[in-house]
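Model the following, please.
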Amino acid sequence: MVYPQLSSGSLAQFPIRKQQLRRTVVNAAPDGSAIRLADPNGASTRWVLSYAGLTDSERAAMETFIESAEGSLNSFTFLDPAGNLLAWSDQLTNVVWQADPLLTLTGGAGDPAGGVLGWKLANSGAAAQSITQTLQAPGGYQYCLSVYLRGDQATSVSLMGGGSQVERAVTTAWTRATFAMTGDPTANSIGFGIQVPAGATAYVYGMQVEAQAGASEYKSSTTGGVYAGARLASDQLTVTTTGPGQHACTVNIIHVNNAHNF
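All right, here's what the predicted structure looks like:
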């Protein structure tokens, strides 16, 4: 079960309230000293999503979802509307990424933000080579893949998502390329990535995937924004009708790292 998108392709409306809580374990010694350690298994994230102007069909979809979840009883997958769905977006050699064998990844390159978080992608093969990441998210949702691109000379790369791809130009200046798409509506996972042509080299920075029609400001990520095991924080949904086909409600969602999913 997955939290529904609106008919616009977005998951939420502004304002979005997101709160992350972290737990620290304290071991107090007899001499009065203490040892403090971070406890990632005790971390939790909460979202407060306020909706206005929902259509009749959007209201019905939201109510159907609440009923299917049986309030806070059942868990579901939630795609963070305020985050980057990709994990380790600045570490392209992390195990969450799958790179073709003839694609060389070199970190430490300059990036458009003035840092050194860019990556050089060099294809030494005679065929196109790609780097991808697969998300355990619904294939049929609307997504937007975005990435900053630059080259030592003009070339092109292909952005990939949901089994389709689109070619984007690469110039000698940093530019941001985007690709909006939907995938297989029957699939429970979807892959995203970038493909470099044979013999070509490109610099990339800020790869990001969002469950919406367009790209927002880049957000560096480590764990990614796909939250399996999320739950509603309330058993009831209160809907206020402000006019014909105009409905408003607030949904509270919580995800706890050590939650047991049944």
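
so which strand or helix has the closest residue to Tyr218 other than its chain neighbours?
For Tyr218, ignoring the flanking residues on the chain, the nearest one in space by Cβ to Cβ, 6 or more residues apart in numbering is Gly206 at 4.0 Å. C-betas here are computed from N, CA, C, even on glycine. Assigning secondary structure by DSSP states H and E places Gly206 in strand 201-210.

Sheet partners, orientation included, of that strand?
Strand 201-210 pairs in its sheet with strand 118-123 (antiparallel), strand 142-150 (antiparallel), by DSSP bridges.

what are the pairing partners of the helix or strand following that strand, and which direction each?
Proceeding N to C from strand 201-210, the next assigned helix or strand is strand 226-232, under DSSP H and E. Using DSSP bridges, strand 226-232 pairs in its sheet with strand 76-79 (antiparallel), strand 246-256 (antiparallel).

which secondary structure elements does the helix or strand just after strand 226-232 contact?
The first helix or strand that comes after strand 226-232 along the chain, using DSSP H and E, is strand 239-243. The contact analysis (3 or more Cβ pairs under 8 Å, 6 or more residues apart in numbering; DSSP states H and E) places strand 239-243 against helix 56-69, strand 246-256.

Please work out the average pLDDT along strand 239-243.
Regarding strand 239-243, the rounded mean pLDDT is 92.

just the CA coordinates of that strand, formatted as CSV?
C-alpha atoms of strand 239-243 as CSV (Å, rounded to 0.1, in the frame of the first residue of the first chain):
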residue,chain,number,x,y,z
VAL,A,239,-12.7,16.8,5.8
THR,A,240,-14.1,20.3,5.5
THR,A,241,-16.1,21.1,2.4
THR,A,242,-15.7,24.8,1.5
GLY,A,243,-17.7,24.7,-1.8
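
now the angle from whichever strand or helix holds Arg176 to strand 201-210?
Arg176 is part of strand 175-182, with elements assigned from DSSP H and E. Calculated by axes from the mean of the first three to the mean of the last three Cα atoms, to 10 degrees, strand 175-182 forms an angle of 50 degrees with strand 201-210.

in strand 175-182, what counts as buried?
177-182 (16 or more other Cβ atoms under 10 Å).

quick check, nearest of those to Leu145?
Phe179 (4.7 Å; Cβ to Cβ).

show me what contacts the closest one?
When contacts are counted by Cβ atoms under 8 Å, 6 or more residues apart in numbering, Phe179 touches 144-146, 159-161, 165-166, 168.

closest to Phe65 among those residues?
Out of these, the member with the shortest distance to Phe65 (by Cβ to Cβ) is Cys144, at 22.6 Å.

quick revisit: same question for the strand holding Gly206, mean pLDDT?
Here strand 201-210 scores 97 as its mean pLDDT.

swap in stretch 178-193?
For stretch 178-193, mean pLDDT rounds to 94.

can you check stretch 87-107 too?
Mean per-residue pLDDT for stretch 87-107: 97.

cool, stretch 214-234 as well?
On average, stretch 214-234 scores 94.

For it, list the C-alpha coordinates in PDB.
The C-alpha trace of stretch 214-234 is given here as PDB (Å, rounded to 0.1, in the frame of the first residue of the first chain):
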ATOM      1  CA  GLY A 214       8.800  19.300 -11.800                       C
ATOM      2  CA  ALA A 215      12.100  19.700 -10.000                       C
ATOM      3  CA  SER A 216      12.600  21.700  -6.800                       C
ATOM      4  CA  GLU A 217      15.800  22.900  -5.200                       C
ATOM      5  CA  TYR A 218      18.400  20.100  -4.900                       C
ATOM      6  CA  LYS A 219      18.500  18.300  -1.600                       C
ATOM      7  CA  SER A 220      21.500  16.100  -0.800                       C
ATOM      8  CA  SER A 221      20.400  12.800   0.600                       C
ATOM      9  CA  THR A 222      21.900   9.700   2.300                       C
ATOM     10  CA  THR A 223      19.000   7.400   3.300                       C
ATOM     11  CA  GLY A 224      16.700   8.600   0.500                       C
ATOM     12  CA  GLY A 225      13.100   9.700   0.700                       C
ATOM     13  CA  VAL A 226      11.200   6.300   0.300                       C
ATOM     14  CA  TYR A 227       9.800   5.500   3.700                       C
ATOM     15  CA  ALA A 228       8.500   1.900   4.000                       C
ATOM     16  CA  GLY A 229       6.600   1.200   7.200                       C
ATOM     17  CA  ALA A 230       5.100   4.700   7.600                       C
ATOM     18  CA  ARG A 231       1.800   5.000   9.400                       C
ATOM     19  CA  LEU A 232      -1.000   7.500   9.900                       C
ATOM     20  CA  ALA A 233      -0.800   9.300  13.300                       C
ATOM     21  CA  SER A 234      -4.600   9.400  13.600                       C
END
